[in-house]
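[1] mind looking at a prediction? Sequence and model below.
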Amino acid sequence: MYPGEGRTSDAAGRAGEVPAEPVRVMVVDDHPMWRDAVARDLATAGFDVVATAGDGAAAVRIAAASRPQVVVMDLQLPELSGVEATARILSADPSCRVLVLSASAERPDVLEAIRAGATGYLVKSAGAAELVEAVARTARGEAAFTAGLAGLVLGEYRRLAAGPEPAAGPALTTRETEVLRLVARGLTAKQVASRLSLSVRTVQNHLQNVMDKLQVHNRAGLVRYAIEAGLDEGS
Amino acid sequence: MPPDTRGDRRPAGFTVEVTGWRALAAFRFLTLVYAVALNLDDLGRVHSPAWCVATLLVMAAWSVVATYCYARPRLRTTLLFVVDLAVTLATVLATLLVETPERIAGGEFTVPTVWAATAVMAWALRWEVVGGLLATVGLGAANVLVVDGQPTRGTVHNMILVLLAAIVIGYVAEVLRQVDRIMVDAWQEQGASAERDRLARQIHDGVLQVLALVKRRGAALDGEGRELAQLAGEQEAALRALMTGGSAAPSHGEVDLTALVSPATVSSSIELVAPAEPVMLPAAVAKEVAAAVGAALHNVAEHAPGARAWVVIEDEPDSVSVIVRDDGPGLPEGRLAEAAAEGRLGVVQSIRGRIRELGGTVTILGEAGEGTEVELHVPR
């Protein structure tokens, strides 16, 4: 949600390695076996799983107490939806990052979670290695892009561009669109880099910018909503 | 929960129970006007104009009371129907006080004339054909009393008309009530099915979680465990595609291309990448594009077994693109030309043919080791 912060934490780790100071992770899933499996995989990979929660409301409460750096969030949760929990956790602690891990989320739900500030999305069928990689990337402040997420984000930018009123936030550059389209086709950052004759680092920066701009759109949307609803006064 | 699963919007008998009684009220007042006009015209010739006017006043008063009562389901009791018929029969019998026996024998109308049929219709609406027949028998008896057991041709003729009306209205009431019941059933079924969908979603989500978990844990095992994991993975992919597919039902002649393509991507090695919103295309166009995607995926399975594949749907303002990409061995240089020369371009030609028909283009990209990309581009 907060552009810039991702890049300042660059020193935390490189090339998928877990940094010296273990990243504090919280796992939110209503399925106990899944929660344990994910927590175990992450602990094995060297993350510090500081908390787990089985429903959205508990997740918001526990996150406030245990201050995780990364929250691995299921979307289908009792009490409070994953989208709502994501929004509340991030408004309480803007430095926290949320990675969505869902079994059956429909595309609009995933997009809602991204709008609420989540920076990554993984389907549960992804392997343990992919999950570890995505959490490490999320902890570093990078967007954890999968093909599915790229397709959703691309669709969202096109929807914003085609909207009746001109989009309030910045649009994608040609290069960013190009990168996003290739990621949507299932190419890895490395493959995208070689196709476009860029460095992997540059590709990742482009992806990061894409996500940051989307957050600007979302904040612009929230501000507009607040003004319309008369909530801006005194804040 | 979707708001329409609640049962309070059921159409409570809107055919007979509302329109039937309204029509009856209209008939009652129309016939009243007719009866009043006929009797006033005859007032100079009747035996007792006072009784005639009194009977007409009773008819008018009862028309108002009956209409008020029939309009309210709470007041529409058996007693009301009995009183309605009794008042009607009384007005028919009052003819004996109004007219001389000679005029009656001469074929003069009863005082209420067709107004008397209203009660029969009410019975027919309430108890259908049986009720209509019973009321007709009552009215017939009263008429026979009026003519002193000597029914004129006019009396018989009128009673047969009333009988026919009773049968027709009784039958229509029966059919309309059945329609009402069917509609209420359909309404409830709709609500129940929405609720079932909601429950199914929860259950499916649970099943999906377990399948994904089996796949994940089994991957670390060997032998049969790994096989089970693979099977679970296939089923997981199928179920997820089913759950997240959206609706491919056409609306206004357009369908969601994503939902239409979704069933073809039911495999753990194929990922469907699409915008969150439905990608609407005319049904015929979407069908052709989906068929082309199916052919392209078939091609992948044939020429790059075991490869992963992505189906990417891009919704642009003036066109729709679908890219089918695999990470298989790709196309060695000159391979396409070679295949064309040997006349082995069946699948590619079928894809090109379908898309060209739609005014679109097909681009095939692929280098050895880079996988293959088939891009379908269709104008809106």
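    Perfect, I can see it now. The model shown is predicted, which means the values in this text are computed figures rather than measured ones.

[2] which residues in the stretch 201-350 of chain B form helices?
    Counting by DSSP state H, counting those that start in this stretch, residue ranges of the helices within the stretch 201-350 of chain B are B:224-244, B:257-261, B:283-303, B:335-341, B:346-357.

[3] these into a markdown table, with extra columns for mean pLDDT?
    Putting these into a markdown table (pLDDT from 0 to 100) gives the following:
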| stretch | mean pLDDT |
| --- | --- |
| helix B:224-244 | 79 |
| helix B:257-261 | 87 |
| helix B:283-303 | 87 |
| helix B:335-341 | 65 |
| helix B:346-357 | 80 |
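
[4] what number of residues lie near whichever residue of the stretch 51-200 of chain B sits closest to chain A?
    Of the residues in the stretch 51-200 of chain B, the one nearest chain A is B:Ala200, at a distance of 11.5 Å by C-beta to the nearest C-beta. For glycine as for every other residue, the C-beta is placed from the backbone atoms N, C-alpha and C. Other residues within reach of B:Ala200, judged by other C-beta atoms under 10 Å in any protein chain shown, total 12.

[5] so it lies in a helix, does it not?
    Yes. The assignment for B:Ala200 is a helix, going by DSSP: H, G, I helix; E, B strand; the rest coil.

[6] deepest-packed of the helices of the stretch 201-350 of chain B, please.
    helix B:257-261 (a mean of 25; mean count of other C-beta atoms under 10 Å in any protein chain shown).

[7] other SSEs contacting that helix?
    For helix B:257-261, the helices and strands in contact under the criterion 3 or more C-beta pairs under 8 Å, 6 or more residues apart in numbering or on different chains; DSSP states H and E are helix B:283-303, strand B:309-315, strand B:319-326.

[8] A:Arg158 and B:Glu316 touch, don't they?
    Yes. With contact defined as C-beta atoms under 8 Å, A:Arg158 reaches B:Glu316; the gap is 6.7 Å.

[9] the more surrounded of the two?
    Shown here are A:Arg158 and B:Glu316; by other C-beta under 10 Å, A:Arg158 has more neighbours (18 against 13).

[10] now do that one, the pLDDT please.
    Reading off the per-residue confidence, A:Arg158 sits at a pLDDT of 86.

[11] try B:Arg126
    We note a pLDDT of 91 for B:Arg126 in this prediction.

[12] list the contacts for whatever residue of chain A ends up closest to chain B?
    Per C-beta to the nearest C-beta, the residue of chain A with the smallest distance to chain B is A:Gly155, at 2.2 Å. For A:Gly155, the residues meeting the contact criterion (C-beta atoms under 8 Å, 6 or more residues apart in numbering or on different chains) are A:111, B:274-277, B:314-315.

[13] hmm, try it at 7 Å
    Taking C-beta atoms under 7 Å, 6 or more residues apart in numbering or on different chains, we find A:Gly155 in contact with B:274-277, B:315.

[14] cool, B:Ala50 as well?
    Residues in contact with B:Ala50 (C-beta under 7 Å, 6+ apart): none are found.

[15] swap in A:Leu42?
    Applying C-beta under 7 Å, 6+ apart to A:Leu42 gives the contacts A:25, A:49, A:132, A:135.

[16] quick one: the nearest residue to the last one once chain neighbours are set aside from A:Glu130, how far?
    Read it as A:Val135. Counting by C-beta to C-beta, 6 or more residues apart in numbering or on different chains, A:Val135 lies nearest to A:Val70, which is 5.7 Å off, once chain neighbours are set aside. Going from A:Val70 to A:Glu130 by C-beta to C-beta, to the nearest Å gives 15 Å.

[17] neighbour count: those two, which is higher?
    Neighbours were tallied for A:Val70 and for A:Glu130 using other C-beta under 10 Å; the higher tally belongs to A:Val70 (26 against 14).

[18] give me the below-cutoff pLDDT ranges for chain B.
    B:1-16, B:243-248, B:332-346, B:368-369 (pLDDT under 70).

[19] give me the phi and psi for A:Ser197.
    Reported as degrees, to the nearest 10, the phi and psi values for A:Ser197 are phi 50, psi 50.

[20] and it, how many neighbours does it have?
    Other residues lying near A:Ser197 total 7 when counted by other C-beta under 10 Å.

[21] kindly report the residues of the stretch 101-250 of chain B close to chain A.
    Of all the residues in the stretch 101-250 of chain B, those in contact range of chain A (C-beta under 7 Å from any C-beta of the partner chain) are B:204-205, B:208-209, B:212-213, B:215-217, B:219, B:233, B:236-237, B:240, B:243-244.

[22] how about A:Leu111, nearest residue that isn't a chain neighbour?
    Once flanking residues are discounted, A:Leu111 sits nearest to B:Ala276: 4.1 Å by C-beta to C-beta, 6+ apart.

[23] what sits against the one you found?
    With C-beta under 7 Å, 6+ apart as the criterion, the residues that contact B:Ala276 are A:107-108, A:111, A:152, A:155-156.

[24] show me how to select, in PyMOL, the buried members of the residues you listed.
    For the buried members of those, the matching PyMOL selection, counting by 16 or more other C-beta atoms under 10 Å in any protein chain shown, is:
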select buried, chain A and resi 107+111+152+155+156
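
[25] now distance to B:Gln190 and secondary structure too, for the contacts of B:Ala276, in a markdown table please.
    As requested, these are arranged in a markdown table below (distance: C-beta to C-beta, whole Å; DSSP: H, G, I helix; E, B strand; the rest coil):
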| residue | distance to B:Gln190 | secondary structure |
| --- | --- | --- |
| A:Arg107 | 26 | helix |
| A:Pro108 | 23 | helix |
| A:Leu111 | 29 | helix |
| A:Leu152 | 31 | helix |
| A:Gly155 | 31 | helix |
| A:Glu156 | 33 | helix |
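
[26] now the helix or strand hosting B:Ile169 against helix B:224-244, angle please.
    Assigned by DSSP states H and E, B:Ile169 belongs to helix B:153-218. For helix B:153-218 against helix B:224-244, the angle between stretch directions is 140 degrees (axes from the mean of the first three to the mean of the last three C-alpha atoms, to 10 degrees).

[27] what comes up buried for whichever strand or helix holds A:Leu180?
    A:Leu180 is part of helix A:174-184 when elements are defined by DSSP H and E. Using 16+ other C-beta under 10 Å as the burial criterion, the residues of helix A:174-184 that qualify are A:176-184.

[28] chain center to that helix: distance?
    Relative to its parent chain, helix A:174-184 has a centroid offset of 18 Å by C-alpha atoms, centre = their mean, to the nearest Å.

[29] show me what it is packed against.
    Helix A:174-184 makes packing contacts with helix A:147-162, helix A:189-196, helix A:200-228 when contacts are defined by 3 or more C-beta pairs under 7 Å, 6 or more residues apart in numbering or on different chains; DSSP states H and E.

[30] how far away is the residue of chain A closest to chain B from A:Thr188?
    When distance is defined by C-beta to C-beta, A:Gly155 is 21 Å away from A:Thr188.

[31] same deal with A:Glu178?
    Taking C-beta to C-beta as the measure, A:Glu178 falls 15 Å from A:Thr188.

[32] what's the closest of the helices of the stretch 201-350 of chain B to B:Asn158?
    Of all the helices of the stretch 201-350 of chain B, it is helix B:283-303 that lies closest to B:Asn158, at 58.6 Å by C-beta to C-beta.
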